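# Below: sequence and its predicted model.
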Amino acid sequence: MIHGDQLAVFAILFMGVSLAGFWANRWRRADLRTLDQWGLAGRSLGTVINWFLMGGDLYTAYTFIAVPALVFGKGAIGLFAIPYTIIVYPLVYVVMPRLWRVGRHRGHVTPSDYVGDRFDSRLLSVLIAITGIVATIPYIALQMFGIQVVLAQMGVPVELALVIAFLILAFFTYLSGLRAPAMIAFAKDVLIWSTILVAVIYLPIRLGGYGAIFAHVPTKLAILPRASYVPYSTLAFGSALALFLYPHAVTSVLASKDQDVIKRNAAFLPAYSFLLGLIAILGYVAIAAGIHPSKAYGPNSAVPQLFAAMFPGPFTGYAFAAIAIGALVPASVMSIAAANLFSRNLYRELFRPTASANEETNVSKVFSGVVKLGALLFILLVPTTYVINFQLAGGVWILQTLPAVFLSLYLRWLDRWAVAAGWAVGIGLGTYWLVQVHFAASTISLFGLTHDQVYIALAAFIANLIVVIGGSLIARLLGAAGRTRLAEADYEVSVPSGA
């Protein structure tokens with residue numbers, strides 16, 4: 001049954017934001033036939049716009065659907081997402097301004113540009129590009145799944161509505177590039193913040209206060225059991241290491257107008273961690289409210305069903321619009337970042353070295369749609385008991401790029417062949433373990449013990465790191481390590497603020 005009052009509010013807000021995305025190509029008019037303008041918004045985003053864009057990038061349907069779903073179904077283990085978003089920002093403050101300096105000085109558009117330049121290696125550039133694209137697809141799938149869940153909750157025919165949402169997303173991304181999500185990120189944040197603030201005030205009043213809410217939560221879900229200490233800590237630490245390796249996170253960094261923007265936002269973005277904590281608790285609120293998840297979507301429907309059960313129809317439509325638009329912004333940035341990797345580091349590197357800037361951008365625009373289509377297929381083919389596993393699976397692959405992207409900013413003696421070998425070991429082990437758990441979980445027992453469930457990404461990364469460091473030391477002893485096109489000055493170049 002279609003809920004007309006919910007759908008009316010949802011449609012007005014969703015279409016209004018979508019129209020802003022189409023109009024964004026007129027904002028700060030520029031030649032969108034170059035990747036610098038289409039894919040990085042002219043590298044001109046200041047603190048405020050970049051704060052909303054990065055928040056839109058990182059706090060997504062993962063936040064609104066996946067995290068509370070895990071809390072609802074599995075309890076306190078789902079709260080790992082809160083410390084991981086706190087751990088990550090000191091890393092951002094230290095590492096990302098340095099990556100921005102090198103990228104600005106050398107004209108890098110993607111992390112693969114940096115890696116190819118750093119190691120003077122087309123092979124490594126291609127490997128990092130493929131990894132970034134593959135890791136991003138399940139992350140985009142998570143966003144589209146979030147839209148799917150709220151559409152289903154309103155009684156809309158899901159397949160048709162998803163196709164319409166896909167086409168809207170594809171077209172405004174094609175036309176406006178990074179300017180579209182940068183412009184609508186503000187509206188997305190207003191919707192999400194207002195929805196959550198209303199929810200965390202109104203729902204406890206309806207349910208008798210937070211004391212009453214937690215009294216309804218079974219002890220086994222409210223308290224982290226001893227057997228979950230290792231998976232909780234490895235999920236938090238591994239996810240923190242992986243977050244800013246994703247191509248869309250690097251894209252937001254490279255789009256900043258100066259390195260001070262990145263440092264300020266590393267200080268300000270933890271405000272979103274507070275928001276994430278409030279959203280995560282909605283999993284417990286859904287338990288107290290007696291929500292029974294749908295058969296089609298399981299625990300992933302907990303928050304949409306909670307809003308539908310506890311709020312009037314118009315506000316429920318408002319909340320559903322916040323969730324859908326909260327998925328639209330990051331899906332757009334993710335597809336742009338993946339498309340840039342394809343056009344710049346696969347298409348041009350392997351097939352068309354003489355491609356013009358215009359051709360390169362056109363390929364990016366088309367491939368951004370292909371990536372979204374791949375995300376739809378991912379939804380159809382991969383189990384979705386806990387949709388958070390989409391993002392965690394992507395983390396398994398993207399974390400294996402850390403030595404090439406982050407460590408190489410500081411360790412000049414890393415050997416390119418050792419880095420490639422480490423990547424192969426990490427990707428191979430991580431994928432093998434994901435297959436072992438049928439992509440339906442993100443931790444694995446390495447030694448068959450009850451208490452040793454480890455986040456697959458971190459276990460694979462440790463093996464990767466051993467190969468990288470060991471191989472590079474051997475190469476150093478043999479006098480063959482550290483080949484690079486980047487000079488010391490390229491790492492340390494200081495670009496004035498506002499440049």
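Sure thing, it's come through.
# Any buried residues in stretch 202-209, and which?
Residues L203, P204, L207 are the ones in stretch 202-209 that count as buried (16 or more other Cβ atoms under 10 Å). To be clear about C-beta, it is placed using only N, CA and C from the backbone, and glycine gets the same treatment.
# how about those in TSV, adding secondary structure and pLDDT?
As requested, the buried residues of stretch 202-209 are exported to TSV (DSSP: H, G, I helix; E, B strand; the rest coil; pLDDT from 0 to 100):
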residue	secondary structure	pLDDT
L203	helix	96
P204	helix	95
L207	helix	95
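# Other residues contacting the host helix or strand of Y232?
Using DSSP states H and E, the element containing Y232 is helix 229-243. Outside helix 229-243, the residues that touch it by Cβ atoms under 8 Å, 6 or more residues apart in numbering are 58, 76-77, 79-81, 83-85, 87-88, 91, 224, 249, 392, 395, 398-399, 402, 442-443, 451-455, 457-459, 461.
# Next SSE downstream of it?
helix 247-254.
# Show me what secondary structure element comes after that following helix.
Past helix 247-254, the next helix or strand by DSSP H and E is helix 259-268.
# ok now that next one, how far from the chain's centre?
Relative to its chain's centre, helix 259-268 lies at 19 Å (Cα atoms, centre = their mean, to the nearest Å).
# can you check stretch 263-278 too?
Worked out by Cα atoms, centre = their mean, stretch 263-278 lies 15 Å from the chain centre.
# Equivalent analysis for stretch 197-205, please.
28 Å.
# ok, now stretch 126-139?
Worked out by Cα atoms, centre = their mean, stretch 126-139 lies 12 Å from the chain centre.
# buried sites along stretch 191-202?
L191, I192, W193, T195, I196, A199, V200.
# how far is it from where the chain is centred?
23 Å.
# Okay, buried residues for stretch 250-258 please.
Buried positions in stretch 250-258, judged by neighbour count with 16+ other Cβ under 10 Å: V250, T251, S252, V253, L254, A255, S256, K257, D258.
# for S121, what are its contacts?
V115, R416, A420.
# Out of the buried residues of stretch 250-258, which is nearest to F171?
T251 (19.7 Å; Cβ to Cβ).
# pretty sure that closest one contacts P181?
No. Counting by Cβ atoms under 8 Å, T251 stays clear of P181, with 10.0 Å between them.
# Find residues that contact each of these two.
What both T251 and P181 touch, as defined by Cβ under 8 Å, 6+ apart, is the set V333, I336.
# And T195, how far from F10?
12 Å (Cβ to Cβ, to the nearest Å).
# which residues are common contacts for those two?
Residues touching both T195 and F10 (Cβ under 8 Å, 6+ apart) are Y318.
# And for L346, the neighbour number?
Look at L346: counted by other Cβ atoms under 10 Å, it has 18 neighbours.
# In contact with the closest residue to it other than its chain neighbours, which residues?
Nearest residue to L346, sequence neighbours excluded (Cβ to Cβ, 6 or more residues apart in numbering): A129, at 5.5 Å. By Cβ under 8 Å, 6+ apart, the contact set of A129 is T110, S112, L341, F342, R344, N345, L346.
# Might you report the residue contacts of the most centrally placed residue in the chain?
The centroid of the chain falls nearest to L58 when counting by Cα atoms, centre = their mean (5.3 Å). Residues in contact with L58 (Cβ under 8 Å, 6+ apart) are T85, L243, A249, L269, Y272, P330.
# just those residues now: which is nearest M144?
P330 (10.7 Å).
# Remind me which helix or strand the closest one belongs to.
Using DSSP H and E, the element containing P330 is helix 313-341.
# which is the next helix or strand following that helix?
helix 357-381.
# Just confirm L278 is within a helix.
Yes. Assessed with DSSP: H, G, I helix; E, B strand; the rest coil, L278 lies in a helix.
# Tell me how far V250 lies from S368.
V250 is 16 Å from S368, by Cβ to Cβ.
# Please apply the same query to V253.
Using Cβ to Cβ, we find V253 at a distance of 19 Å from S368.
# ditto for L282
32 Å.
# Also L19?
Computed as Cβ to Cβ, the L19 to S368 distance reads 19 Å.
# Those two: which is more packed in?
Set L19 next to S368 and count neighbours by other Cβ under 10 Å: S368 wins out with 26 against 13.
# low-scoring pLDDT stretches of the stretch 301-450 of the chain, where are they?
Across the stretch 301-450 of the chain, the ranges flagged by pLDDT under 70 are 382-385, 447-450.
# and if we set it to 80?
376-388, 439-441, 446-450 (pLDDT under 80).
# before we move on, what about the stretch 101-250 of the chain?
Residues of the stretch 101-250 of the chain that meet the cut-off, pLDDT under 80, sit at 158-172, 174-176, 183.
# Centre of the chain to the helix holding Y232, how far?
Worked out by Cα atoms, centre = their mean, helix 229-243 lies 15 Å from the chain centre.
# export that helix as CSV, just CAs?
What follows is helix 229-243, C-alpha atoms only, in CSV (Å, rounded to 0.1, in the frame of the first residue of the first chain):
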residue,chain,number,x,y,z
TYR,A,229,36.4,-7.4,22.2
VAL,A,230,38.7,-8.4,19.4
PRO,A,231,36.2,-8.0,16.5
TYR,A,232,35.0,-4.7,17.9
SER,A,233,38.5,-3.2,18.2
THR,A,234,39.8,-4.6,14.9
LEU,A,235,36.6,-3.3,13.1
ALA,A,236,37.1,0.1,14.6
PHE,A,237,40.8,0.4,13.9
GLY,A,238,40.8,-1.2,10.5
SER,A,239,37.8,0.9,9.4
ALA,A,240,39.6,4.1,10.6
LEU,A,241,42.7,3.2,8.5
ALA,A,242,40.6,2.5,5.4
LEU,A,243,38.2,5.4,5.4
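# buried residues in it?
Those buried within helix 229-243 under the rule 16+ other Cβ under 10 Å are 230-243.
# so can I have JSON lines of the contacts of S121 showing distance to E359?
Shown next, in JSON lines, are the contacts of S121 (distance: Cβ to Cβ, whole Å):
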{"residue": "V115", "distance to E359": "23"}
{"residue": "R416", "distance to E359": "29"}
{"residue": "A420", "distance to E359": "29"}
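# Filter those down to the ones in strands?
Judged by DSSP state E, those include no members of strands.
# mind putting those residues in TSV, distance to T47 and neighbour count included?
Below are those laid out as TSV (distance: Cβ to Cβ, whole Å; neighbours: other Cβ atoms under 10 Å):
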residue	distance to T47	neighbour count
V115	28	25
R416	36	24
A420	37	21
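# between those residues, which is closest to V149?
V115 (36.3 Å).
# Correct me if wrong: that closest one contacts F406.
No. Look at V115 against F406 with Cβ under 8 Å: they stay out of range, at 10.6 Å.
# Excluding chain neighbours, what is closest to G103?
Per Cβ to Cβ, 6+ apart, closest to G103 is L254, 5.2 Å.
# confidence score at the one you found?
On the pLDDT scale, L254 is placed at 92.
# go on, the one 10 residues further on?
Residue-level confidence at R264 comes out at 92, pLDDT.
# Now do the phi/psi pair for the residue nearest to it when sequence neighbours are not counted.
The spatially closest residue to R264, leaving aside those adjacent along the chain, is T47, at 5.0 Å (Cβ to Cβ, 6+ apart). Note on T47: backbone dihedrals following degrees, to the nearest 10 are phi -60, psi -50.
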